[in-house]
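Asks: what follows is a predicted structure for the sequence shown.
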Amino acid sequence: MTLRLAPSLLSADFSRLADEVAEVAAAGADLLHLDIMDGHFVPNLTFGPPVVRSLASHSEIPLDAHLMVSSPDDFLEDLLMAGVARIAVHIETCDHLHRTLQRIRDAGVDAGVAINPATALVLLEDALSWIDFVLVMSVNPGFGGQDFIPESLDRIARLRKIAGDRSIDISVDGGVCQENAASLARAGATTLIAGSAVFGAPDRARALADLRRAVTVGDD
């Protein structure tokens, strides 16, 4: 699978979101990652479906919604109507995971499962045939700018082995940067979600190019 880069809006300047979105789109981002937090499942509170709906009219790249919420099903209808391309729900919060994922897929949207650093990968095995992507958290969810958890590399490699010949996208979120991009790709990640490494850089085009170059050089 082709490696994709997804800047995380959590690290953007919230006072100028439309401009921030346009800037990373022009810089070559493949997806725009949206962390939706409820202040319950994680201690932070970000934005909800109304903001996503507004962003959709300003974004030329697909929207990738990550639900860090206690009741993900309550958000689905509004997000589907907003026109997102992908929705990831946390395995730790879904009582009926199959039903939730099927609802997303029935709407023609890619369905994903996010998994926290301390959650056992074995919980995903029986769900792999129902999903389009897995979102591996490489930090504890809730805040941007955290340090990458090194053990995440082994988790990604094990997950890729578990997935076997299934063409499942493995996304990784948390502490992604130029220094670890190549290692993540070698481990099996196919979508790199980067917040501070992109929105924290003065030149977003160069930041994205540097991430892609780091992966290419790391493959040599």
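Replies: Now that the structure is in, tell me what you want to look at.

Asks: buried ones in the lengthiest helix in the chain?
Replies: Criterion DSSP state H: the longest helix present in the chain is helix 204-219. Within helix 204-219, the residues that count as buried by 16 or more other Cβ atoms under 10 Å are 204, 207-208, 210-212, 214-215. Placement of C-beta: from N, CA and C, glycine included.

Asks: what segments of the protein are strands?
Replies: 4-7, 32-37, 63-68, 86-90, 110-115, 133-137, 169-173, 191-194 (DSSP state E).

Asks: out of those strands, flag the one nearest Glu23.
Replies: strand 4-7 (9.2 Å; Cβ to Cβ).

Asks: off-centre distance for the closest one?
Replies: 8 Å (Cα atoms, centre = their mean, to the nearest Å).

Asks: then it to PDB, C-alphas only?
Replies: Output in PDB follows, covering the C-alpha atoms of strand 4-7 (Å, rounded to 0.1, in the frame of the first residue of the first chain):
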ATOM      1  CA  ARG A   4      -0.100   8.400   3.100                       C
ATOM      2  CA  LEU A   5       0.400  11.500   5.300                       C
ATOM      3  CA  ALA A   6      -2.400  12.900   7.400                       C
ATOM      4  CA  PRO A   7      -1.700  16.200   9.300                       C
END
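
Asks: least trustworthy helix or strand in the chain by mean pLDDT?
Replies: helix 204-219 (a mean of 89; mean pLDDT, DSSP states H and E).
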